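[1] structure of the sequence below:
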Amino acid sequence: MARESFDKEIQFLRMFVLTSGAYSRQQFAERLGISVHTFDKTIRRLKEVVAAMHQQVPDTQKKEFADMLRYSYFDSTDPMLLFLFRAKSLKESESQRISTLLAALNEQPLTATQLLEVCSKELPTDASLPDEKTIRNDLKYLEEVGVITKASGSRPYRYRIHNAFIYELTQDELLDLYDFIDVMANTQVPSVQGYLLRDGLKKHMNRTTGTSNETAGTEPFLYKYHYYSRILDEAHLSTLLSAITQRLKVQFLYFSPKNNQAYSSKNTNPLFEREMEGKLQKAVPLQIVYDHQYGRWYLLAHDSRHGIRKFRMEGMTQIEHGDPVDNAFFEEKKMEVDERIKLSWVIDTGRAVTVKARFYNPARSGPNFIKDRVHLQGQWGEITEENEDSFVYEITVNGTTEIKPWIRSFGSSCEVLEPRGFRKEMIAEWKELAEYYEPVRENF
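    Predicted coordinates:
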């Protein structure tokens, strides 16, 4: 798929999951900024992708796209929507060509000229035949991502599949490697590469053992994935990280979370042009931050008009690299953003305040999981007072907005002491919650 098309499908799937199919076709198309015709084409394309990844989907579940997304939810350890990454970035012609190259290299090392001859023989007659430059670009890409490597010898270079390491491991060692990749992919970010590596390793073990059961002996852990934005937004990571590494500006169309529209297609026909709600942004990317609380990615960048800007990556589409910037300028702005977020719970750059909260210990008979969690998640905060029943935790942060959900998640085990304004906010929230439950108590 082309990059622009993938942007559309990212926003399409995000909205589909969030709305659970509650929108009509017209409402869905308007919210995305596409036509109903494009909506129908996207649905058909996604159905084809899911069907290709899950050949065993029952016919009754092929009728509704929502059912296809929910397929085997309790039996599968794959995060939802990962299937999109298996079909992304490559057009159909590229997919056919690269598959042909890998199949040929799996048999023996070959040169670029020999691979060109293989493509001429193996590709379908209706497919566009590549030239030698295209083959060399494909080989360069496959070598960069570690799929192939140059065989020893002089020019012309011969390429081979880079899989010697896997074949040197025993079946037990492969299972240990699979378990390690499984744990890391489910607990670390970014994770998409780990999931794809896990799937490839699973298929290899199934081939070597001669079993058709894909889960036989390979899934001692069962993770259930909920952060769709985290998976979907990883599509932008490579582009943005390479821009940061190369000190390049980026240009993208940005849709604020408050917008009524989440996407806008590229209109090539002036008769069908429509006003876009997204804003074209040009900025110097400086840092990427991941929010574990909500599973969101953020880009911190420098804008020539507004200085340091914060963008939620779920609203970024059509990202393109721009001109390089001066190294000294980049380092100056990087130091500035580091200083601005030094006391941020996530990315807040507001005024610094000192938050003081009392945490109440659980029953004395068991482990103190409250204190353990504060130690684990409390970042640079410190415990300043402690007794048998409770302890006081203190931290200086930029504003209270981002730390509030963490404190609120402790429920009655946490009491905000300072600042007074923050304490009043929490009291008002808990009073509101109490009112919701009051009629239920009266019924009892």
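[2] counting contacts, what elements does the longest strand anywhere in the chain pack onto?
    Secondary structure of the chain per DSSP state E: the longest strand is strand 279-291. In terms of contacts (3 or more CB pairs under 8 Å, 6 or more residues apart in numbering; DSSP states H and E), strand 279-291 is packed against helix 237-246, strand 248-254, strand 296-303, strand 307-312, helix 327-340. Heads up, the C-betas are built off the backbone N, CA and C, glycines and all.
[3] partner strands of the third one and their direction?
    Strands adjacent to strand 296-303 in the sheet, as given by DSSP bridges, are strand 279-291 (antiparallel), strand 307-312 (antiparallel).
[4] could you export the ones you listed as TSV, including distance to F369, mean pLDDT and mean neighbour count?
    Shown next, in TSV, are these (distance: least, CB to CB, whole Å; pLDDT from 0 to 100; neighbours: other CB atoms under 10 Å):
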stretch	distance to F369	mean pLDDT	mean neighbour count
strand 279-291	23	91	18
strand 307-312	32	91	17
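[5] nearest to K424, out of those?
    Distance to K424, taken as CB to CB, is lowest for strand 279-291 among those, at 25.8 Å.
[6] show residues contacting that closest one.
    Strand 279-291 has contacts (CB atoms under 8 Å, 6 or more residues apart in numbering) with 189, 230, 237, 240-241, 243-244, 248-254, 256, 296-304, 308-309, 311, 313, 322, 325, 329-330, 333-334, 337-338, 341, 346-347.
[7] recalculate using a threshold of 6 Å.
    With CB atoms under 6 Å, 6 or more residues apart in numbering as the test, strand 279-291 has contacts from 189, 240, 243-244, 249-254, 297-303, 325, 333-334, 337, 346-347.
[8] run the angle between it and strand 248-254 for me.
    Using axes from the mean of the first three to the mean of the last three CA atoms, to 10 degrees, the direction of strand 279-291 lies 100 degrees away from that of strand 248-254.
[9] if we can go back for a sec, with distance to M184 added, can I get the strands paired with strand 296-303 in a markdown table?
    Formatted as a markdown table, the strands paired with strand 296-303 follow (distance: least, CB to CB, whole Å):
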| stretch | distance to M184 |
| --- | --- |
| strand 279-291 | 15 |
| strand 307-312 | 26 |
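[10] roughly how far does S24 sit from Y228?
    With distances taken as CB to CB, to the nearest Å, S24 is found 22 Å from Y228.
[11] of the two, which one has the most company?
    Y228 (19 against 10; other CB atoms under 10 Å).
[12] biggest helix in this protein, by residue count?
    helix 420-443 (DSSP state H).
[13] pLDDT of that one, averaged?
    Taken as a whole, helix 420-443 has an average pLDDT of 82.
[14] output the contacting helices and strands for it.
    strand 414-418 (3 or more CB pairs under 6 Å, 6 or more residues apart in numbering; DSSP states H and E).
[15] pull out the buried positions in the strand it packs on.
    Of the residues in strand 414-418, 414-416 count as buried by neighbour count, 16 or more other CB atoms under 10 Å.
[16] ditto for stretch 17-37
    Buried-residue list, stretch 17-37, by 16+ other CB under 10 Å: 17, 23, 28-34.
[17] next one: stretch 227-241
    227-237, 239-240.
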